[in-house]
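Trainee: Model the following, please.
(chains A and B)
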Protein chains: 2
Amino acid sequence: MINLQESLDIINREIQTIQYPQNPAGLYEPIAYLLAMKGKKIRPALTLLACNLYRDDVETAIRPALAWEIFHNFTLMHDDVMDKADLRRGQPTVHKKWNENAAILSGDATLILSYVFMTDSAMENLKPLLDLFSTTAAEICEGQQYDMEFERRTDVSEQEYIEMIRLKTAVMFGACFKTGAIIGGADKKDLQNLYDFGINLGIAFQIKDDLLDVYGNPGVFGKKTGGDILCNKKTYLLINALNRADKPERENLLHWLGRNDNPQEKIIVVRNIYDRLAIPDIANASIQVFYEKALMAFHAISVSESRKEILKDVAKDIIEREF
Amino acid sequence: MINLQESLDIINREIQTIQYPQNPAGLYEPIAYLLAMKGKKIRPALTLLACNLYRDDVETAIRPALAWEIFHNFTLMHDDVMDKADLRRGQPTVHKKWNENAAILSGDATLILSYVFMTDSAMENLKPLLDLFSTTAAEICEGQQYDMEFERRTDVSEQEYIEMIRLKTAVMFGACFKTGAIIGGADKKDLQNLYDFGINLGIAFQIKDDLLDVYGNPGVFGKKTGGDILCNKKTYLLINALNRADKPERENLLHWLGRNDNPQEKIIVVRNIYDRLAIPDIANASIQVFYEKALMAFHAISVSESRKEILKDVAKDIIEREF
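Mentor: Prediction:
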């Protein structure tokens, strides 16, 4: 069995061996640029760990696992254009370093490349893997669409928000696990259990992400806190605050959302509103609910407890992380 | 056997039956909008005709054929953003009717949808079909990249131009034929012959398209002539004119490329330069060369001449068309 670090090592080693065509450089350099960025590459590592539940040799899961990382990079390249983001992991985004057209077209080529990697599977697995891949890919586009629509709204319900992050973030966790399980030869019930495990873990992961962006320790979290507040991102925290504030507090919050003249004060004021409304407690409770759901699905997986330990610890780490 | 019109009828009928998810409407409406536009939908019809060379029942080729039409629509949606085109077949482009983000994200969803249709094939054909699909899709991105790079250059050689249209336009013709042939059960040699047939026909088709844009009969061609001249598009005609003009004529041509103040005169002046340099003759000769190459590959296909007649006529129509 491999642990998380060994799985990440395999993924990082394999990513470095990807050969891109030399020409046209303008098409392929942005793909290599983004994939070479530091980042934890947790998603493909999860695919290998899920496969490893069922078989010791995870070799045949590597290319499909990389498909997910490449696909994730496609979403980053296009999302950064749509969100007009200048930086990604501290470096210029593709459309800033090159231009918008480069980010659109190289993003398209990245999506196609992800299918090339997913297609590199045994014939008997091709159909289930590709069906899962396309279904999930479409759902992630739906999630991004809702996310963009939510930016123009102040009446998003918690339920709508959870559905949005389910699509935009969580289905990829579910699908990464399921991909590994398909290749590992899991039965139908276990495929569903691993998928449900991923979905609920993914939702908890995203709420935790929203929480850390405001309350994380900058030294540990690795980036400045308050970024979501400054760009008025509709996070779990903001949505709940808007829904739970009384009229004066809600108006105060909306007033500060409209201001961009004093970033430091904006972060402090909004965080104080969150505190008054006990939003961190509400978020933590919600994380716990989805984590429990994830564990229930995980518990139902018909693999020996000793084989399941590594993935169980990974889930715990994702939920308890401070970075 | 079915003829071209019957093949087109099947395609148009099937396109109307495609069901899109209801939500989010902002993601799926642009896809339906573009696919519902009038247009000849020749590419998927070619897939059915190629399949029909080998088997009477083309039913199983319909979904993969539609994959090509959907993929074609994905390229249109993103190319229109990159080219900042306002109109497509006389109607507003997606990014004009909605916005750029909608065109990017709906384009992504269109590309994913095309894979869904291509994956709807018998298991034994999945790998060759998907390998062909992804390889061709990546080449088409490469072609678009070269096309954009050529816009900033005045020294593009004829060879570079042919390679660009091979990638951007012709490989899809080759791949459409090959898709039908794979599903029809053609042997390896025939797959290559049909692919080569399509490549050469596709190149001839594009040069003809460039020619018709300047010299077509507007009443028959269905759109105003001179559009490529007005937007300084690097066509087969312009590239050859730039390469064949003497210094004063080349400078005159470059001067007019830089002017946008008198569109009617610009079209007339540039067309006169083309005429003086015998560019239409050169273009027609080139069309003939690629058409002959296409026919040589077609001739080598090991199917009875009677079964081949329909496709042979289609190729002739494509080359001799005045629209």
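Trainee: only C-alpha atoms for contact and neighbour calcs from this point on.
Mentor: Fine.
Trainee: Contact residues of the stretch 101-250 of chain A facing chain B?
Mentor: Counting by C-alpha under 8 Å from any C-alpha of the partner chain, the stretch 101-250 of chain A comes close to chain B at A:101, A:104-105, A:108-109, A:112-113, A:115-116, A:119, A:123-124, A:126-127, A:130-131, A:134, A:137-138, A:141-142, A:145-146.
Trainee: What subset of those is buried?
Mentor: For these, a burial check counting by 16 or more other C-alpha atoms under 10 Å in any protein chain shown picks out A:101, A:104-105, A:108-109, A:112-113, A:115-116, A:119, A:126-127, A:130, A:134, A:137-138, A:141-142, A:145-146.
Trainee: Tell me which of the residues you listed fall in helices.
Mentor: The helices, defined by DSSP state H, take in A:101, A:104-105, A:108-109, A:112-113, A:115-116, A:119, A:126-127, A:130, A:134, A:137-138, A:141-142, A:145-146 from these.
Trainee: Follow the chain on from the lowest-mean-pLDDT helix or strand in chain A and name the next helix or strand.
Mentor: When the helices and strands of chain A are scored by mean pLDDT, DSSP states H and E, helix A:218-221 comes last with a mean of 63. Next helix or strand after helix A:218-221 toward the C-terminus (DSSP states H and E): helix A:227-230.
Trainee: packing partners for that next one?
Mentor: Other helices and strands packing on helix A:227-230, by 3 or more C-alpha pairs under 8 Å, 6 or more residues apart in numbering or on different chains; DSSP states H and E, are helix A:188-215, helix A:263-276.
Trainee: who does the last one touch, helix- and strand-wise?
Mentor: Packing contacts for helix A:263-276, counted by 3+ C-alpha pairs under 8 Å, 6+ apart, involve helix A:227-230, helix A:236-244, helix A:247-257.
Trainee: Highest mean neighbour count out of these?
Mentor: Counting by mean count of other C-alpha atoms under 10 Å in any protein chain shown, helix A:236-244 has the highest mean neighbour count of the helices and strands packed on helix A:263-276, with a mean of 21.
Trainee: mind checking how far residue A:104 is from residue B:104?
Mentor: Counting by C-alpha to C-alpha, to the nearest Å, the gap from residue A:104 to residue B:104 is 7 Å.
Trainee: which intervals of the stretch 51-200 of chain A have sub-threshold pLDDT?
Mentor: Nowhere does the stretch 51-200 of chain A drop to pLDDT under 70.
Trainee: wait, doesn't residue A:115 sit right on residue B:134?
Mentor: Yes - Residue A:115 lies in contact with residue B:134 (C-alpha atoms under 8 Å); the separation is 7.1 Å.
Trainee: For residue B:294, find the nearest of the helices and strands packed on helix A:263-276.
Mentor: Closest to residue B:294 of the helices and strands packed on helix A:263-276 is helix A:227-230 (C-alpha to C-alpha; 57.5 Å).
Trainee: Quick one: residues in contact with the closest one.
Mentor: Applying C-alpha atoms under 8 Å, 6 or more residues apart in numbering or on different chains, the set of residues contacting helix A:227-230 from outside is A:210, A:213-214, A:234-235, A:257, A:260, A:263, A:266-267, A:270.
Trainee: Ok, stretch A:259-272 next?
Mentor: Outside stretch A:259-272, the residues that touch it by C-alpha under 8 Å, 6+ apart are A:214, A:226, A:229-230, A:253, A:256.
Trainee: distance between it and the chain's centre?
Mentor: 27 Å (C-alpha atoms, centre = their mean, to the nearest Å).
Trainee: Mind checking the pLDDT average for it?
Mentor: For stretch A:259-272, mean pLDDT is 94.
Trainee: Assign the closest residue to chain B within the stretch 151-300 of chain A to helix, strand or coil.
Mentor: Nearest residue of the stretch 151-300 of chain A to chain B (C-alpha to the nearest C-alpha) works out as residue A:164 at 10.8 Å. Going by DSSP: H, G, I helix; E, B strand; the rest coil, the secondary structure assigned to residue A:164 is helix.
Trainee: so what's it closest to, chain neighbours aside?
Mentor: In space, and not counting its chain neighbours, residue A:164 is closest to residue A:143: 5.0 Å by C-alpha to C-alpha, 6 or more residues apart in numbering or on different chains.
Trainee: State the distance from the one you found to residue A:104.
Mentor: Distance, residue A:143 to residue A:104, by C-alpha to C-alpha: 19 Å.
Trainee: farthest residue from the center of chain A?
Mentor: Computed with C-alpha atoms, centre = their mean, the maximum C-alpha offset from the centroid of chain A is found at residue A:248, amounting to 34.8 Å.
Trainee: Contacts only, for residue A:102.
Mentor: Residues near residue A:102 by C-alpha under 8 Å, 6+ apart: A:26-27, A:30, A:94-95.
Trainee: Closest one to residue A:286 out of the residues you listed, please.
Mentor: Nearest to residue A:286 among these: residue A:94, at 34.8 Å, using C-alpha to C-alpha.
Trainee: Run a quick neighbour tally on that closest one.
Mentor: Neighbourhood size, residue A:94 [other C-alpha atoms under 10 Å in any protein chain shown]: 29.
Trainee: Excluding chain neighbours, what is closest to it?
Mentor: Once flanking residues are discounted, residue A:94 sits nearest to residue A:103: 5.6 Å by C-alpha to C-alpha, 6+ apart.
Trainee: Kindly indicate whether residue A:186 is helix, strand or coil.
Mentor: coil.
Trainee: Quick check: it touching residue A:52?
Mentor: No - in this structure, residue A:186 is not within contact of residue A:52 by C-alpha under 8 Å, at 10.6 Å.
Trainee: which of those two has more neighbours?
Mentor: residue A:52 (26 against 22).
Trainee: these two touch, right, the more buried one and residue A:60?
Mentor: No - if you go by C-alpha under 8 Å, residue A:52 and residue A:60 don't touch, sitting 10.9 Å apart.
Trainee: How about stretch A:90-101, which residues are buried there?
Mentor: Residues A:93-96, A:100-101 are the ones in stretch A:90-101 that count as buried (16+ other C-alpha under 10 Å).
Trainee: cool, stretch A:289-307 as well?
Mentor: By 16+ other C-alpha under 10 Å, the buried positions in stretch A:289-307 come out as A:290-295, A:297-299, A:301.
Trainee: so the closest residue to residue A:181 other than its chain neighbours, which of the three states?
Mentor: Nearest residue to residue A:181, sequence neighbours excluded (C-alpha to C-alpha, 6+ apart): residue A:51, at 4.9 Å. Each residue gets one of three states, and residue A:51 gets helix by three-state DSSP.
Trainee: related to what we said a few turns ago, and which of the contacts of stretch A:259-272 is nearest to residue A:2?
Mentor: Distances from residue A:2 to these, taken by C-alpha to C-alpha, are shortest for residue A:214, at 34.1 Å.
Trainee: Tell me how far the residue nearest to residue A:181 lies from residue A:153.
Mentor: Applying C-alpha to C-alpha to residue A:51 and residue A:153 gives a distance of 41 Å.
Trainee: Which of those two has more residues huddled nearby?
Mentor: More crowded of residue A:51 and residue A:153, by other C-alpha under 10 Å: residue A:51, with 28 against 9.
Trainee: ok, that one - contacts?
Mentor: By C-alpha under 8 Å, 6+ apart, the contact list for residue A:51 reads A:58, A:61, A:177, A:179-184.
Trainee: Which of those fall in helices?
Mentor: Among those, the members found in helices (DSSP H) are A:177, A:179-184.
Trainee: would you list the residues you listed in CSV and tack on neighbour count?
Mentor: Putting the ones in helices among the contacts of residue A:51 into CSV (neighbours: other C-alpha atoms under 10 Å in any protein chain shown) gives the following:
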residue, neighbour count
A:177, 30
A:179, 31
A:180, 31
A:181, 28
A:182, 22
A:183, 26
A:184, 23
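Trainee: Many thanks, have a good one.
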